[in-house]
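In: got a sequence here, can you build the structure:
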Amino acid sequence: MDNLSERDLILEPLSVQEITELAREAGSVEALLSKKSPKYKEYQDRVAKPDDWIPFMAEEPRLIRRPMLAVPGRLLIGFDQKVWQEALSH
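Out: As a prediction, the model looks like this:
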């Protein structure tokens with residue numbers, strides 16, 4: 001996903017396939033899930049296992065943690081200034 005750093009996920013939501021690929025890169029669906037999203041509570045009762053979140057994330061992009069940045073060999077999710085500076089300086 002080369003264009004993640006430039007894509008507005010609200011205006012251009014990710015597909016189920018894209019979210020599945022990102023979850024694989026991130027190591028889990030939970031790594032992508034924004035539990036702070038107001039929408040989280042609305043969907044929470046409809047989820048039995050982590051992969052159940054994927055179609056909901058495609059439907060409601062606010063469930064996805066942002067920002068995301070793809071760097072060689074790594075996907076950064078959520079902003080951590082120190083981690084991002086280190087990743088971008090290499």
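In: residue 76: what secondary structure?
Out: Three-state call for residue 76 (DSSP: H, G, I helix; E, B strand; the rest coil): strand.
In: torsion angles phi and psi at the residue lying closest to it once chain neighbours are set aside?
Out: Excluding its sequence neighbours, the residue lying closest to residue 76 (Cβ to Cβ, 6 or more residues apart in numbering) is residue 69, at 4.5 Å. C-beta coordinates here come from the backbone N, C-alpha and C atoms, glycine included. Backbone torsions of residue 69, given as degrees, to the nearest 10, read phi -140, psi 120.
In: to what extent is residue 69 buried, counted in neighbours?
Out: 17 (other Cβ atoms under 10 Å).
In: what about the strands in this protein?
Out: 68-71, 74-77 (DSSP state E).
In: go through the first one and flag the buried ones.
Out: What that stands for is strand 68-71. Neighbour counts over strand 68-71 (16 or more other Cβ atoms under 10 Å) mark 68, 69 as buried.
In: tell me what it is packed against?
Out: On a contact count with 3 or more Cβ pairs under 8 Å, 6 or more residues apart in numbering; DSSP states H and E, strand 68-71 meets strand 74-77, helix 81-89.
In: give me that answer again for 7 Å
Out: Applying 3 or more Cβ pairs under 7 Å, 6 or more residues apart in numbering; DSSP states H and E, one finds that strand 68-71 contacts strand 74-77.
In: re the thing from before, tabulate the strands of the chain in JSON lines, adding columns for distance to residue 19.
Out: Written out in JSON lines, the entries for the strands of the chain read as follows (distance: least, Cβ to Cβ, whole Å):
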{"stretch": "strand 68-71", "distance to residue 19": "11"}
{"stretch": "strand 74-77", "distance to residue 19": "12"}
